[in-house]
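Asks: This is the structure alone, sequence omitted:
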DNA sequence: GTATCGAGAG
DNA sequence: CTCTCGATAC
């Protein structure tokens, strides 16, 4: 039986500023593939040497200046990389690759959506919903074994947030966003791997705001990061883990890495 | 015989950003009085606690937002502090105190003067010369034992710069600045303590630009920081030292501390 | 609270 | 190159 394939997704909130904790994580967990979001760096400044030194020699970048930016770093060969721009606004929010076994990995950073959950009052909220709609059209047309990972910036279920009632009006947990995410999910044979392994009412969080002094005290987390697999791939998933401890590391990201293992 | 009185001057280039190396220096050299320039902090945000913890309980501040700012921190009592504003422009460039033994310490940060050594083309150069002229009027009227310290932003002698000829047209070593400094020096019984202990042609530098990768390679230093004593005080000076090694510390200032010991 | 950038100064 | 700040975003 071959070793499991370990795939990680992590919104790193500046890969340059946090390169030390990325290295620490890779040394300890040694995933085969690492998908990053919010790298906040143009491709020519991406710290590829640090990753190569740890064995991640297959690197596909889609960065831009200042904001957003995604990347896939792999110990195993990558092919057929692409960078989609669903909203044709040149924001670097997607990078996709194909592994040698035929499985595709689609790494996405969905817009945060601003503060006010109102399409009209807040254009960023409108952009977020539009992004999800365009992603849904794309998802409908997808075929083949696919793993969709990333910061989707929506916590759909009650147990995905620290307080469902209190967050119903807060961007990331509003009914209109949850509905948009449900449409995306229904547009293919997607299996939510987090909830596949840890069904409700299990608490499952991947993000804790920087704005509370000690994130552990009130534990006001949300599950904004996800891994969805098409049914064929989901059938090979053997394990899923959320690395909450990374939120306590020195100079942490506000998101923690999540990992799924596949026996392929 | 009493212990010598050790007085240090250091352009720290942000006392908050460099608090660790200041603490390291104070722990190692334990001067009685520390005069800082370019503290870059308003008085209410000055990290006084760090200094008090090291025994510097007598603190006189003259800070402002963003730029400039001077301070005197002392283990021995300070009295009669004042903050002069020679150019009446509210720039925090002077703080003075009197020690119990009657000696005054005047801590000054002279304007850098911009890039172009031309009064007309570059107002900052004019401001620098004006500052020196006003300081000269003040110095003429001074009486009593006085130590004048600080970043005077002029390297007057050939051996005060790494290349005299090459710097004749560079602000800090131009003839007009050197002449203005000479007038200031002649306006009282000032003794240049650095050159008193290390006469020309000894190399004596206190500043190395951040803009060369390794300051030690070409050693392109300048002596911008000075200690001048009135004749009575100069007669009690026993030792003078430039701490070049501090330029190699982690997160260094571009200036290094200088120290004089007095047997009073 | 924690990032990035660009301006301004040195 | 190395700081501070203010704007912007999350």
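Replies: That came in fine, so what should we check first? Note that this is a predicted model, so its numbers are computed, not measured.
Asks: Tell me the residues of chain A that contact DNA strand D?
Replies: A:67, A:111, A:112, A:114, A:124, A:210 (CB under 7 Å from any atom of the strand). The way it works is simple: take the backbone N, C-alpha and C, and place the C-beta from them, glycine included.
Asks: For DNA strand C, state which of those is nearest.
Replies: The closest of these to DNA strand C turns out to be residue A:210 (CB to the nearest atom of the strand; 3.6 Å).
Asks: Could you count how many residues lie near that closest one?
Replies: For residue A:210, the count of nearby residues is 10 (other CB atoms under 10 Å in any protein chain shown).
Asks: And it, how close does it get to residue B:10?
Replies: 35 Å (CB to CB, to the nearest Å).
Asks: Residue A:129 too?
Replies: Taking CB to CB as the measure, residue A:129 falls 57 Å from residue B:10.
Asks: pretty sure residue A:122 is touching residue A:114, no?
Replies: Yes. Judged on CB atoms under 8 Å, residue A:122 makes contact with residue A:114 at a distance of 4.6 Å.
Asks: pLDDT at the nearest residue to residue A:164 once chain neighbours are set aside, what is it?
Replies: Spatial nearest neighbour of residue A:164, chain neighbours left out: residue A:158 (4.1 Å); criterion: CB to CB, 6 or more residues apart in numbering or on different chains. With respect to pLDDT, residue A:158 scores 98.
Asks: And residue A:158, how far from residue A:222?
Replies: For residue A:158 relative to residue A:222 (CB to CB), the value is 12 Å.
Asks: Looking at those two, which is more packed in?
Replies: For residue A:158 and residue A:222, the more surrounded residue by other CB under 10 Å is residue A:222, and the numbers stand at 23 against 14.
Asks: residues contacting the more buried one?
Replies: A:155, A:160, A:161, A:162, A:167, A:172, A:173, A:205, A:206, A:207, A:208 (CB atoms under 8 Å, 6 or more residues apart in numbering or on different chains).
Asks: Give the burial count for the fourth one, as a bare number.
Replies: Read that as residue A:162. 16.
Asks: And for the first one?
Replies: Residue neighbour count, defined by other CB under 10 Å, stands at 28 for residue A:155.
Asks: pretty sure residue A:191 contacts residue A:236?
Replies: No. When contacts are counted by CB under 8 Å, residue A:191 is not listed as touching residue A:236 (11.0 Å).
Asks: what's the closest non-adjacent residue to the residue in the stretch 101-250 of chain A positioned nearest to DNA strand D?
Replies: Nearest residue of the stretch 101-250 of chain A to DNA strand D: residue A:112, at 3.8 Å (CB to the nearest atom of the strand). Leaving aside its chain neighbours, residue A:112 sits nearest to residue A:153 (5.3 Å; criterion: CB to CB, 6+ apart).
Asks: Thought residue A:226 was touching that neighbour, still the case?
Replies: No. In this structure, residue A:153 is not within contact of residue A:226 by CB under 8 Å, at 9.7 Å.
Asks: if we can go back for a sec, got the contacts of residue A:222 as CSV, with secondary structure columns?
Replies: CSV is the format used below for these (DSSP: H, G, I helix; E, B strand; the rest coil):
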residue, secondary structure
A:155, coil
A:160, helix
A:161, strand
A:162, coil
A:167, helix
A:172, coil
A:173, coil
A:205, coil
A:206, coil
A:207, strand
A:208, strand
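Asks: what's the closest of the residues you listed to residue B:261?
Replies: residue A:208 (53.9 Å; CB to CB).
Asks: Surely that closest one is in contact with residue A:220?
Replies: Yes. The criterion here is CB under 8 Å, and residue A:208 meets it with residue A:220 at 6.6 Å.
Asks: More neighbours: these two, which one.
Replies: residue A:208 (24 against 17).
Asks: Beta-bridge partners for the more buried one, please?
Replies: Following DSSP bridges, residue A:208 is listed with bridge partners residue A:221.
Asks: Could you pull up phi and psi at the residue nearest to the spatial centre of chain A?
Replies: Residue closest to the average C-alpha location in chain A (CA atoms, centre = their mean): residue A:150, at 1.5 Å. The phi and psi values for residue A:150, taken as degrees, to the nearest 10, are phi 140, psi -170.
Asks: Now do the same contact list for residue A:107.
Replies: A:9, A:35, A:36, A:37, A:70, A:71, A:72, A:94, A:95, A:96, A:149, A:150.
Asks: can I assume the third one is in contact with residue A:68?
Replies: Meaning residue A:36. No. Between residue A:36 and residue A:68 there is no contact under CB under 8 Å: 11.2 Å.
Asks: more neighbours, the two?
Replies: residue A:36 (30 against 19).
Asks: in its sheet, what does the helix or strand hosting the more buried one sit against?
Replies: If you go by DSSP states H and E, residue A:36 is part of strand A:33-37. The pairing partners recorded for strand A:33-37 under DSSP bridges are strand A:5-11 (parallel), strand A:70-74 (antiparallel).
Asks: for the ones you listed, which one sits closest to DNA strand C?
Replies: Of the strands paired with strand A:33-37, nearest to DNA strand C by CB to the nearest atom of the strand is strand A:5-11, at 12.1 Å.
Asks: Distance from the closest one to the middle of the chain?
Replies: 8 Å (CA atoms, centre = their mean, to the nearest Å).
Asks: mean confidence for it?
Replies: Computed over strand A:5-11, the average pLDDT equals 98.
Asks: between the helix or strand following that strand and strand A:70-74, what angle do the directions make?
Replies: Using DSSP H and E, the helix or strand that directly follows strand A:5-11 along the chain is helix A:19-29. Inter-element angle recorded for helix A:19-29 and strand A:70-74: 40 degrees (by axes from the mean of the first three to the mean of the last three CA atoms, to 10 degrees).
Asks: how about the strands in the stretch 51-200 of chain A?
Replies: A:58-62, A:70-74, A:78-82, A:94-99, A:104-109, A:146-151, A:191-192 (DSSP state E, counting those that start in this stretch).
Asks: With distance to residue A:256 and mean pLDDT added, can I get the ones you listed in TSV?
Replies: Shown next, in TSV, are the strands of the stretch 51-200 of chain A (distance: least, CB to CB, whole Å; pLDDT from 0 to 100):
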stretch	distance to residue A:256	mean pLDDT
strand A:58-62	22	98
strand A:70-74	17	98
strand A:78-82	24	95
strand A:94-99	21	98
strand A:104-109	16	98
strand A:146-151	11	98
strand A:191-192	17	98
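Asks: Alright, that wraps it up for me.
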